[in-house]
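In: My questions are about this predicted structure, shown below with the sequence.
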Amino acid sequence: MALDNRKIDELLRAFKANPYRVFVVGAPHTGYVREILVKEGDEVKGPSGKWLEKPGTPLFVLERERNPKTIRAKVNGVVSKIRHELHGKFVEAFEPILEIKHPLSQKEIIAEILREALHIVKAPEKARYFLSPELAQRIEKEGEGRVVVKPGDELAIMYFMKRETPILHEGPPMVVFRVFFSRGQMVEQGEPLFGLCTEEERPYLEKLIARVKEEWKA
Amino acid sequence: MRELQRYLNDLIDRIIYLQDIKGEDWEGLPAILSELNSLKENFYQITEKTCQARLEAIDNRLSLLEEQADKTLTPYETVKIVRNPQRFTLLDILENVYDSFTELGGEGEINVDPAVICARAMISRRVGDKIYMHQVIVIGHEKGHGEEFRNGGSAKPWGNEKALRYMRVAETEGIPIHFYVFTPGAFPIEDYPGAAQQIARNLYFMSKLKVPTVAFISEGGSGGAEAIALSDVRLMAAYGYYSVISPEGAAAIEGKLKEGQRPPRDLVEFCARQLKITAKDNLRLGTIDRIVPEPPLGARRNDYQFFKRLRYEMIRATDEAVLRTKSLKAFRSYALKRKSEEENPPDEFDVYVRWELSDVEIEKLLDLRSKKYREMSRHVLGLKKSPLKNYIEKSQDLGLRVYHDLRYGFLKQSQKMIQRVMEDISGEGFAFLKQLTEPLKSTYDLLGTKGRRGRAKPVVEEPVIEDVSELYVSPLALEDRTVTCPNAEKFGCQDIWVPDLYGEFCGVCPTCGYHFPLEYQWYLSNVFDANSIKEFNAHIASTNPLGFEGFDKKLALARKKTGRNSAMITFQAKIGGISLIVAMLIADFRQGTVGAAEGEKFIQACDRARITKRPFLAFIHTTGGIRIHEGTLGVIQMPRCTLAVREYIDEGGLYLVVYDNNSYAGPVASFLGCSPYQFAIRSTRLGFAGPRVIRETTGEDIPPDYHSAENALRRGHIQGIWDRREIRKKLYEALLTMGGKNLYYR
C-alpha cells in the first residue's frame, strides 16, 4: 500500500466514521440459552487485572448436559443486537447470541494502521532474538524509524539451544520503522519482529500516527 | 518559663495520647486541648503564676480522666495503646534495660530486615556491693517511632532467618536469649526463604534450643510472634496484646466483608473482646507465665521506672529458667519469689545465679520446656480421666513402649550392629583375598582361551504395590451431568462427564491434569490398604474455650455435618503392608482449622508414632490455618505440635507431609512446614497468607498462581508434586526410599 496524504485522510475518515470493532459473541458449543444476563446498551468489561485474572462481565448462561456455563465478555464495549428469541432455545455451536461494540483506543488504532501499512518480518521459530550489533548501533545513533536496510543486511540474530542463525533482509531497501522485541526476548513463531516501510512512506506514517495521537484521546 | 513550656507540651502530649486511645471526643478532651492550645498561643501574655495555676488545674483534671480511662479500657483500646507511636520499642529497651549492646546483622536502615533486631547485650545485677555482668543475645521486632522502613515490626522471611542465625550463635556460645515480640504479624510473602517456611524452621530450632530463653510480648500478632516466642519463660506487658489475628482481621472474617471494606468499630470491639487478647486473659488461659506491670494506660518511651521493672523481670525470669534445671536451688528460688512480691522493682538482687548450664542441666531445660508446652491448652479439652483408667492407660503405654523398644530398639539395634560388624569383616576379608588372588586370576585370564563368562547380575525385584481391591466411588460421581475444567479456555479441555471424572479419572481432568477437589473419604479408601485403618482419639472434641459468641452453634453444625468431633483424624493404617501413623486434617470440619483438640490429637499421634516406632504421615486435605475462635489457645498449637515433631524426628522417626486442596497459615508455618519431606498433590495451593491478606498488608497485587504447588516447588517449599491417581504408589515409594532400611526407625 503506497501512502500519501489522500490515503491518510481516507484511513482516518474510515476510523472516525466507525471507531469501533464489532465482536460477535456466539455460543462456544451447542446447548440451551438459559439466561441472558445483560440488556442492550449495557456496558461490559473484558478480563482485567495485571494478569487478566479478573474475569469479564457475565453475558449469558449456556447449558449443556446439565452443565450451566456462564459466557463472559472478552472485550470492553457496549452490548447490542441481543437475540432474545433464542432465550430458552437450543442453539448450535457458533450461533451468534449478541454483539459487543468495542470502541477502539488510540493504541489499537495505531496498531491497526501499522498492521495495514507496514511490511512485517515475522519470527521464523520460537527462539530468543537479538538485534544485529550493527543495526543496534545504527538505531542508537540515528534513532528508531531512520535506519535504512538493504537486501542482505543482517536484521537480527535468532538464538536457540546454543545455535545462532542470522535473519537477513530480503527485498528492496526499507526503513526499520518499529522493532517489536526487546533484547534477548523469547518470541513465539509467527509473532512480528520488525515493521518495515519504504523511505517514501515513512513521513506519511509518522504524520498519520501524530494525527491519531492528536485526534484520539489516549 | 522553659519548665512551664515543657509542662504544657507534656500535657498536650498526654491529651493526644488519650484521644488516640479513647477517641477524639471522649469526655470533653477537645475542650481541654483547645484550652491548652490557647494557653500556648498566649504563653507570653499571661503571668507565670497564673499559667502555673491553670496548668496544674488541667493536670489534675487530666489525671482523673486518665484514671477513668484506665478503668474503662476495652481490649480494642489496649490494641491502640500498643500501636501508639509513643509506646516503647525494642531500641528503647536496649538503651534503658541493658548496660551496653552491639547490634548484629544490620544498623538502622542498612539492614537485612530493619523490622528485626538482633544484638549482643550486657545486663548487670547488683548483689550487695558486687556488680555482676551477664551476656545475652537480644532478638526482637523493632516497630520504630514512625520510621517507615521498620515496616511496623512486620518481619520479612529473611528477618526471621537472621533471628535464627543469631539463635545458633547463642547456642554455640551458651548464652541466654531474650526475645522481644513487637509484631502485628509476619510480612506475608512467599519469596525465599518463605514466610511460613522460615517461621516453621525457627520453631523447629527453638523447640530444642540449648540455652535458657525468655520472651517478652508487647504486641503478639499470631505466627509472626511465634517465630521468636517459643521460650522457657513467657512474660507479657500488662497493656500488651497477644492474639491469633488482629481484631480488624477477625471483624472482616466475622462480618464477611468484601475486600477494601472497613469493618465497623462495634464489630472490631466485639471481636477484640471475644478473642481474649489482653495480658490478663492470656495469663488465665495459661499461654503466658507472668505479667510485667506497666504504669496506667501503658508505658511510653520515657517511663524509666518501667524499664527498671522490665530489667528486673528479665533477669528474674532468666534466673528462674536456669534455677529450674539445678538440683540445688531451694533457697535461691525462695529469694527470687520473695523479692518479686515487692511492688517497686528492687535495686539489688539477693542472689547471683550463673546463667551457664552443664550438659545435664541443658537436658533438663529441654525436658522442662517440652513438658511446659505439652501441658498448655490441654485443660480446655476436659481430658481428665478417673485414676483407674489413667493407671490402665499408662500401663498400656508402658507395655507398648517396652515391646517396641525391644522389637525395634534393642533387638533391631543389636541385629543392626552385628550386621554392620559382619559387613565390615567380610569387606576387609574380600579386599585381603582380592590382593592375593588377583595376580593368579590375571595370569589365568591371559593364558585361558575361553572368554570369561560374565556373571549373571542379580535381579533386584522392584517392590510392587497392589491396588486397592474394592474401588471406592465418590458420591460426587452419582450425578448425570458434565462439568467444565477451570483450565478449559487455556488448554481447550472438553467438558467432562461427572461419573467419569469422579470415578475412573479420580477427579483429574484427562486433558490438562487439573485436580478437582475430592472428599477426604476418597483418600481413606483409596490410599490405605483395605480394612487397615484403626482410628484413635476420636473422642477428643473441639470446644469453644473462649466462649466466643455464636461459635457453639457453628461447632454443633460442623459436628452434625461430618459426624466427627474435630477437624483432625488420627489413625493407624497400612500402605502396601507398611504400617504407619497418620494425622489427617479435613476440610469438612471448619475448613480444617487447628484448635486445641486438633493440636492435642496431632501430638498424641506423633507420640504414638514415636513409641511404636512407625513412620508418621500428616495428610492435609485442607487447612485454613489456626482457628481464630480459640484465640491464643489456637496459636499455641504451633509451638506445641512443632515440639512434638522435633522430638519424634530427633528420636529417629520418618515424618512426611502431603498437602491437598488449600493449606495456609499457622499449621504450614509450624508443624507441617518443618518436615524435611513435604509433597503436594497437583492443583494444591499452599502458602502463608491468602491473596487478600497479602494485598491488604503489602499493598501489592500477586499473580493468580502465586500459591500454586508448582511455585511452591520452585521456591523449595515442597519436594515434589504428585498426581492423585498415583498417590498410593507414590506414598509407598516415598516410604521405601525415604525410610529404606530405617523405615521402622533409624
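Out: Good, I have the coordinates.
In: From here on, just use CA atoms for contacts and neighbour counts.
Out: Noted.
In: Give the burial count for residue 201, as a bare number.
Out: Here I'm looking at chain A. Neighbours of residue A:201 under the rule other CA atoms under 10 Å in any protein chain shown: 18.
In: That was the other one, I meant chain B.
Out: 22.
In: Likewise for the one 5 residues further on?
Out: Residues within reach of residue B:206, counting by other CA under 10 Å, total 24.
In: Is residue B:547 part of a helix or strand, or is it coil?
Out: coil (DSSP: H, G, I helix; E, B strand; the rest coil).
In: Run through the residues that contact the closest residue in space to it that isn't next to it in sequence.
Out: Counting by CA to CA, 6 or more residues apart in numbering or on different chains, residue B:547 lies nearest to residue B:274, which is 7.6 Å off, once chain neighbours are set aside. The contact partners of residue B:274, by CA atoms under 8 Å, 6 or more residues apart in numbering or on different chains, come to B:546, B:547, B:548, B:549.
In: do you know how far the first one is from chain A?
Out: Yep, that's residue B:546 we're talking about. Distance, residue B:546 to chain A, by CA to the nearest CA, to the nearest Å: 39 Å.
In: same check, this time on the third one
Out: Distance check for residue B:548 against chain A: by CA to the nearest CA, it reads 36 Å.
In: Could you list the residues in contact with the top helix by length along chain A?
Out: If you go by DSSP state H, chain A has its longest helix at helix A:201-215. Helix A:201-215 has contacts (CA under 8 Å, 6+ apart) with A:2-5, A:8, A:12, A:106, A:109-110, A:117, A:145, A:175, A:177.
In: circling back to that earlier point, of the contacts of residue B:274, just the buried ones, PyMOL syntax please.
Out: Applied in PyMOL, the following selects the buried portion of these according to 16 or more other CA atoms under 10 Å in any protein chain shown:
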select buried, chain B and resi 546+548
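In: May I see the contacts of residue B:274 organised as CSV, with pLDDT and distance to residue B:698 added?
Out: Listed next are the contacts of residue B:274 as CSV, based on pLDDT from 0 to 100; distance: CA to CA, whole Å:
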residue, pLDDT, distance to residue B:698
B:546, 95, 31
B:547, 94, 33
B:548, 93, 30
B:549, 92, 31
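In: and the residue of the stretch 501-650 of chain B found nearest chain A, what element?
Out: Closest contact between the stretch 501-650 of chain B and chain A, by CA to the nearest CA, is at residue B:501 (13.7 Å). Here residue B:501, judged by DSSP states H and E, is contained in helix B:498-502.
In: what do you get for residue B:603?
Out: According to DSSP H and E, residue B:603 maps onto helix B:596-612.
In: same question, residue A:7
Out: Taking DSSP H and E as the criterion, residue A:7 maps to helix A:5-17.
In: other SSEs contacting that helix?
Out: The contact analysis (3 or more CA pairs under 8 Å, 6 or more residues apart in numbering or on different chains; DSSP states H and E) places helix A:5-17 against helix A:201-215.
In: how far out from the middle of the chain is the helix it packs on?
Out: How far helix A:201-215 lies from its chain's middle: 18 Å, per CA atoms, centre = their mean, to the nearest Å.
In: Give the bridge partners for residue A:101, please.
Out: Beta-bridge pairing of residue A:101, defined through DSSP bridges, involves residue A:22, residue A:78.
In: quick one: contacts for it?
Out: By CA under 8 Å, 6+ apart, the contact set of residue A:101 is A:20, A:21, A:22, A:23, A:77, A:78, A:79, A:80.
In: mind checking pLDDT for it?
Out: We have a pLDDT of 95 for residue A:101.
In: Report the separation between it and chain B.
Out: The value you get for residue A:101 to chain B, if CA to the nearest CA is used, is 23 Å.
In: quick one: residue B:141 and residue B:182 touch, right?
Out: Yes. Contact status for residue B:141 versus residue B:182: in contact at 5.1 Å, counting by CA atoms under 8 Å.
In: what is in contact with these two at once?
Out: By CA under 8 Å, 6+ apart, the residues touching both residue B:141 and residue B:182 are B:90, B:153.
In: Tabulate the contacts of helix A:201-215 (a markdown table), appending neighbour count.
Out: Formatted as a markdown table, those follow (neighbours: other CA atoms under 10 Å in any protein chain shown):
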| residue | neighbour count |
| --- | --- |
| A:2 | 10 |
| A:3 | 16 |
| A:4 | 15 |
| A:5 | 12 |
| A:8 | 18 |
| A:12 | 18 |
| A:106 | 18 |
| A:109 | 20 |
| A:110 | 17 |
| A:117 | 17 |
| A:145 | 19 |
| A:175 | 22 |
| A:177 | 24 |
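In: What is the lowest-pLDDT residue among these?
Out: residue A:2 (62).
In: Within the helices and strands, which one has the residue nearest in space to the middle of chain A?
Out: In chain A, the C-alpha nearest the mean C-alpha coordinate belongs to residue A:111, at 6.0 Å (CA atoms, centre = their mean). Using DSSP H and E, the element containing residue A:111 is helix A:106-117.
In: How about residues contacting stretch B:239-247?
Out: Under the criterion CA under 8 Å, 6+ apart, residues B:76, B:78-79, B:81-82, B:184, B:217-223, B:268-269, B:271-272, B:275-279, B:282, B:294, B:297-298, B:626, B:628, B:631-632, B:634-635 lie in contact with stretch B:239-247.
In: Then stretch A:65-75?
Out: A:44-47, A:55-63, A:100, A:102, B:480-484.
In: run the last query once more with 6 Å
Out: Identification of contacts with stretch A:65-75 by CA atoms under 6 Å, 6 or more residues apart in numbering or on different chains yields A:46, A:56, A:57, A:58, A:59, A:60, A:61, A:62, A:63, B:481, B:482, B:483.
In: tally of neighbours for residue A:49?
Out: The criterion is other CA under 10 Å. On that basis, residue A:49 has 10 neighbouring residues.
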